[in-house]
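# Below: sequence and its predicted model.
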Amino acid sequence: MTPLPTDDPNEPRAIVNARNLYHSCINEQKIEDDGVDSIFSLINTQLGGWPILQGSSWDNSTFNLLNLLLKLREYNNNIIFGIDTSIDDKNSTEYDLAVS
């Protein structure tokens, strides 16, 4: 299922991206055809593996938690901590920094 283009050449890129993401999520046949191999490959090559998937072949001595956390941050995943800024509710010229 290919996302349907619109006739409006001035449509915001965010709308186009949202439409494409939506269509990719509802295309169940493509999801089934793609399978899980690509996500397993990502876990094994980029994230250092996962004991629940690798079973007896898991090697704890080669696992590096720091590398995993750094890699997850590249994917915008805040596993252990997050840092965010927001406008101060009491003074709109100031910002709040939140570490969680």
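Now that the structure is in, tell me what you want to look at.
# Tell me where this structure is predicted with low confidence.
1-7 (pLDDT under 70).
# how about the helices of it, start to end?
13-26, 28-34, 37-45, 51-54, 65-74 (DSSP state H).
# Make JSON lines from these and add mean neighbour count and distance to residue 99 to it.
Glycine gets a C-beta too; all of them are placed from N, C-alpha and C. Output for these, formatted as JSON lines (neighbours: other CB atoms under 10 Å; distance: least, CB to CB, whole Å):
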{"stretch": "helix 13-26", "mean neighbour count": "11", "distance to residue 99": "29"}
{"stretch": "helix 28-34", "mean neighbour count": "10", "distance to residue 99": "37"}
{"stretch": "helix 37-45", "mean neighbour count": "11", "distance to residue 99": "28"}
{"stretch": "helix 51-54", "mean neighbour count": "11", "distance to residue 99": "30"}
{"stretch": "helix 65-74", "mean neighbour count": "12", "distance to residue 99": "14"}
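# Same list (those helices) but as JSON lines, adding distance to residue 82.
Listed next are these as JSON lines, based on distance: least, CB to CB, whole Å:
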{"stretch": "helix 13-26", "distance to residue 82": "23"}
{"stretch": "helix 28-34", "distance to residue 82": "29"}
{"stretch": "helix 37-45", "distance to residue 82": "22"}
{"stretch": "helix 51-54", "distance to residue 82": "25"}
{"stretch": "helix 65-74", "distance to residue 82": "10"}
